[in-house]
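1. Quick one: sequence plus predicted model below, questions after.
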Amino acid sequence: MTDTETSSPGPADPVYVTEALIAEDIDAYLDQHQHKTMLRFITCGSVDDGKSTLIGRMLYDSKMIFEDQLDALTADSKKVGTQGQEIDFALLVDGLAAEREQGITIDVAYRFFNTEKRKFIVADCPGHEQYTRNMVTGASTADLAVILIDARKGVLVQTRRHSYLCHLIGVTNLVLAVNKMDLVDYSQEVFDQIVADYTAFAKSIGIESFTAMPISGFKGDNVTSLSANTPWYKGADYAGVSLIEHLESVEVNSARDAAKPFRLPVQWVNRPNLDFRGFSGLIATGSVKPGDPVRVLPSGKTSTVTRIVTLDGDLDEAVAGQSVTVCFADEIDCSRGSVIATADNPPQTADQFEATIVWMDDAPLHVGRAYWLKLGTQMVSASVQQPKYAVNVNTMEHVAVKTLELNAIGVAQLATDKPVTFEPYAENRSLGGFILIDKMTNSTVGAGMLHFSLRRSQNVHWQATDITRADHASLKNQTPRVLWFTGLSGSGKSTIANAVEKRLNLMNRHTFLLDGDNVRHGLNKDLGFTEADRIENIRRVGEVAKLMTDAGLIVLTAFISPFKADRELVRAMLPQGEFVEIFVDTPLEVAEARDVKGLYKKARSGALKNFTGIDSPYEQPTDPEIRVNTVEMTADEAAEYIIRKLMPLK
């Protein structure tokens, strides 16, 4: 015996009868199994509503538990279970030690099972508010959500929260599973009242429809087949089907996606030899045939599909959900990140958007800082503006905020460094959903859904000019540079930068010095010294420095610029080699001993908040182009050293 199917007593449930094909023709069975549709769904709701127990029951009833797993489950149920001497099905899903000890779900757990009609991947999402990011992760790929409610407790705050999140992420197929009906004697009145309460809430947030079911995950009522304990559920006012029957019949996203316009985000340019060039990817929506005219974005070039290539041979048609390689009749620009689309109905391209963002990192959103934005196969640099508002998911209130904290949900505008091919998330998950990645740690810090492009992104264009930056530089007979001096307050940045500029001036170089204090008297006088304001301060200075290099100047900047990500943001604005990071390396105790402006003293006394080195961090450059140690060098010696490193300047 290898699994519970052969060891479980009693007649098999009609939903899960063993296919005779397994014994008769295994190849035919595998072929049939391969072509079953796949439904991805999540279970969510408040703490202790029975999500894990329901999934465990479905795994158990579907005979997806091996005999040794069943023995372990029986033993674990007696040791750490919550159902007395009976099997605790939740332990099949709650595998983390902390989950078993506390009797809760912490991380998203994925499980696979199948029936004769369909394959399923179910995600068990945590109910606690602090694990909202985990729940969003689970819901991001779901076709359907089962929202559980404890029949004894009714609609709770977390029920509303998860319903809102499901609606926000675009899960349109919702099942309201009123669980633990066995604990309220299968009362029709209790069920009807809960459904009425939920209906009123659902309408208020825009949920148009859902399917309500009375179930008991522990006892199995209405899970795989209709229960004799709820005869009233067969009436005309109710769905009258078991949960599994509903899951087997609901339309999956891939079926709806097939009816939409053709979209294929390119993952890879397939060029195994000189005679073949194709573009590989997963078809997000629509279908394509050889001979179809297509447009490649963002370039806008058009061609015709000549072949659709797969490992099993060429196809006459490919549809959403298939991974294929497409060949064109013409040699046109197309690479990873491009989107192949229907020629007469392409998606949009833009570089400024409004989006809903779910913040998933312990550190808050840094307004203005550059993050990597990954949308499908596209990867661009993006910055987020101060949120318009955050959503209090418990009350649906719009709350004014300056940033987004862990698990916060807000609406904000964002800008990318180059155009992105997209569609609103409500129309296309693949081209409307994105993640934000911290450039320093490579951690995923946020997930978002694009609403629309901003009008200014379509109406504001670069004005071409006849005199180029190369002409400006040639006129001055020099190569534009940004000499970026960074270091602690009191390290000597301004003094050294001034000395370097004097030497460059004597060499007939055209320069301009941007000093941190001077800039705050004008351009940045509206900014304070919070982390967000420091980020914006450096962004503005970077933009000004870039304009000055366009004019052919050598720009010297003297700013603490404490965050590595912000210095890298400025580096990315400039052509390769034009940004020169100069680290004025001075130990904190030396800089504090100098304290020319008395700022360290104020910071130590608490009179000056967010002071770098005291109560705000300084991230030292790890690989600067030039490093000077002001303990070992005077300002003039440091300036001479920098000039020698830079020579010959042209």
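-> Received the coordinates, thanks.
2. got any ranges where the stretch 151-300 of the chain has weak pLDDT?
-> Counting by pLDDT under 70, the stretch 151-300 of the chain shows no low-confidence range.
3. need the strands for it, in chain order.
-> With DSSP state E, counting those that start in this stretch applied, the stretch 151-300 of the chain shows strands at 173-179, 211-214, 263-265, 268-273, 276-282, 287-288, 293-297, listed in chain order.
4. Burial-wise, tell me which of those comes out on top.
-> Ranked by average neighbour count under the criterion mean count of other CB atoms under 10 Å, these are headed by strand 263-265 at a mean of 26. No exception for glycine: its C-beta is placed from N, CA and C like everyone else's.
5. what's next to that strand, contact-wise?
-> By CB atoms under 8 Å, 6 or more residues apart in numbering, the residues outside strand 263-265 that reach it are 279, 281-286, 288, 324, 326, 337-341, 347, 376-378, 423, 428, 430-431.
6. hmm, back to that, turn the strands of the stretch 151-300 of the chain into CSV, including distance to residue 554.
-> As requested, these are exported to CSV (distance: least, CB to CB, whole Å):
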stretch, distance to residue 554
strand 173-179, 61
strand 211-214, 68
strand 263-265, 42
strand 268-273, 40
strand 276-282, 44
strand 287-288, 53
strand 293-297, 39
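7. Show the low-confidence segments of this protein, by residue range.
-> For the chain, the stretches flagged by pLDDT under 70 are 1-34, 62-108, 126-131, 456-463, 648-650.
8. For the buried ones among the contacts of strand 263-265, write the corresponding ChimeraX selection.
-> Of those, the buried ones go into a single ChimeraX selection, burial set by 16 or more other CB atoms under 10 Å:
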select :279,281,283,284,285,286,288,324,326,337,338,339,340,341,347,376,377,378,423,428,430,431
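9. Which of the contacts of strand 263-265 fall within helices?
-> 430-431 (DSSP state H).
10. I'd like to know which of the strands of the stretch 151-300 of the chain lies nearest to residue 202.
-> Closest to residue 202 of these is strand 173-179 (CB to CB; 8.0 Å).
11. contacting residues around the closest one?
-> For strand 173-179, the surrounding residues in contact (CB under 8 Å, 6+ apart) are 41, 49-50, 54, 143-151, 163, 166, 190-191, 194-195, 198, 207, 209-217, 243, 246, 250-251.
12. Check whether residue 583 really touches residue 620, as I assumed.
-> Yes. Using CB atoms under 8 Å, residue 583 is in contact with residue 620, at 7.0 Å.
13. out of these two, which sits in the busier spot?
-> Higher neighbour count among residue 583 and residue 620: residue 583, with 22 against 14, using other CB atoms under 10 Å.
14. Which residue comes closest to the more buried one once chain neighbours are left out?
-> residue 624 (4.1 Å; CB to CB, 6 or more residues apart in numbering).
15. Where does the one you found sit: helix, strand or coil?
-> coil (DSSP: H, G, I helix; E, B strand; the rest coil).
16. so who does it touch?
-> 486, 581-583.
17. list the contacts for residue 204?
-> Taking CB under 8 Å, 6+ apart as the contact definition, residue 204 lies against residue 396.
18. Recalculate using a threshold of 10 Å.
-> Residue 204 makes contacts with 160, 164, 396, as judged by CB atoms under 10 Å, 6 or more residues apart in numbering.
19. Relative to residue 139, how far out is it?
-> As for residue 204, its distance to residue 139 is 20 Å (criterion: CB to CB, to the nearest Å).
20. Same check on residue 450?
-> The spacing between residue 450 and residue 139, counted by CB to CB, is 17 Å.
21. give me the number of residues near residue 155?
-> 24.
22. Wait, it touches residue 161, no?
-> No. Judged on CB atoms under 10 Å, residue 155 makes no contact with residue 161 at a distance of 11.1 Å.
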